[in-house]
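Enquirer: From the sequence below, what's the structure:
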Amino acid sequence: MATDVPRTVELGTRVVTFPSVELQQLQDSNHLLGNTQALRDKLHEQGYLFLRGFHDREEVLQAREAVIRYVASGGNGKIMEPATKGVLDSRCGIGCIPFMEGRNDITHTEEVIRVLEGPRPKKFFKELFGSESITFDYKWLRGIHRRAFTGAHVDNVYMGRGSQNLVTLWTPFGDVNVEMGTLCMCEGSHKLEGFKRFQETYGSLDVEAANLKGSGWFTHDPDEISARFGGQWKTTDFKAGDVLLFTMRTVHMSTSNLTDFIRISCDTRWQPASEPVDRRFMGRFDSKHDVQYGLYADSDKVLDSVTMETLRYKWGI
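Expert: Got it, this is the predicted structure:
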């Protein structure tokens, strides 16, 4: 349950107090459910929607257990017994948890796909878009180990070749508090005037076309975003069934997982079915792509590649 009692957490390279001026509490938009235009207006205003109980809680918990069983089945003591608790072995760090992104046996197992592509999200997005919706086959299913986090970025840099109305739906699998690694929104970053140059340069980047080396994240430091461009960082504790929905231009990152528990979550992307689709994310994906960005960036990629530092110097930001 979310609380206003101050706690110390890590946001990228910063140790911050939550809630505080640096990192405030998200407020849900559940009171707008049933009013589609109000939800659209709120998404346009904030750059995101936080919705409590979007998915069925029991179905999310069943999906969580299915993922934990999958991770534990790989052996090497990744998950302590009983596995259903999701406690990581003390040796489990980078590379310990298997890569699960794509369209594969775990992303599309019955328990998981029932949540990700079930009647609830389908109905919601049909109403939000005012037309039939479609979701990418590719699912960004992840298990996050200790000390891991996602740096500040916008999703447009990874998947900007299709619909301009594409949105991300972030689903935590289980009860996930800020200490376990929750997604943080920089409110207003998709449209505030202070982000104009940022969105014209970094926000419009195609990391694959640019042959970018590394994650594609703009920075690990949240202050580098809010102090230079504006916006307010917000997050909260999540219960199984809660979600965050946000635009391709909304800057976001996550807190670090400071616990002994595996943090499981999945990003899905939704758009109007009638609009162009980024075909790179449709089909079947059995293993890691040759080109990987984000948390699983290929740091050994060097041939003719460019770094974020080089691009930022070129952009003057």
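
Enquirer: which residues of the stretch 51-200 of the chain score low on pLDDT?
Expert: Residues of the stretch 51-200 of the chain meeting the criterion pLDDT under 70: 75-77.

Enquirer: Please, where are all the helices along it?
Expert: Secondary structure of the stretch 51-200 of the chain (DSSP state H, counting those that start in this stretch): helices located at 57-72, 110-116, 119-129, 178-181, 196-200.

Enquirer: Can you check what angle separates the third one from helix 57-72?
Expert: In this case it means helix 119-129. 110 degrees (axes from the mean of the first three to the mean of the last three Cα atoms, to 10 degrees).

Enquirer: Please work out which residues outside helix 119-129 touch it.
Expert: Applying Cβ atoms under 8 Å, 6 or more residues apart in numbering, the contact partners of helix 119-129 are 36, 39-40, 43, 54-56, 132-133, 135, 165, 169, 268, 270-272. The way it works is simple: take the backbone N, C-alpha and C, and place the C-beta from them, glycine included.

Enquirer: Farthest-apart pair in these, please.
Expert: The span of these, defined through Cβ to Cβ, is set by D56 and N165 at 26.3 Å.

Enquirer: follow-up on the earlier one: out of the contacts of helix 119-129, who's nearest R284?
Expert: Among the contacts of helix 119-129, T135 lies closest to R284 (Cβ to Cβ), at 14.9 Å.

Enquirer: List the buried residues in stretch 8-18.
Expert: Judged by neighbour count using 16 or more other Cβ atoms under 10 Å, the buried positions of stretch 8-18 are 9-12, 14, 16, 18.

Enquirer: Identify whichever of the helices of the stretch 51-200 of the chain lies nearest to Y48.
Expert: Nearest of these (Cβ to Cβ): helix 119-129, 13.0 Å.

Enquirer: Tell me which stretches of the stretch 101-250 of the chain form strands.
Expert: For the stretch 101-250 of the chain, the strands defined by DSSP state E, counting those that start in this stretch cover 133-135, 140-144, 167-172, 183-187, 232-235, 243-247.

Enquirer: Those: which one's closest to D278?
Expert: Taking the strands of the stretch 101-250 of the chain one by one with Cβ to Cβ, strand 133-135 is closest: 11.2 Å.

Enquirer: what packs against that closest one?
Expert: helix 119-129, strand 263-272 (3 or more Cβ pairs under 8 Å, 6 or more residues apart in numbering; DSSP states H and E).
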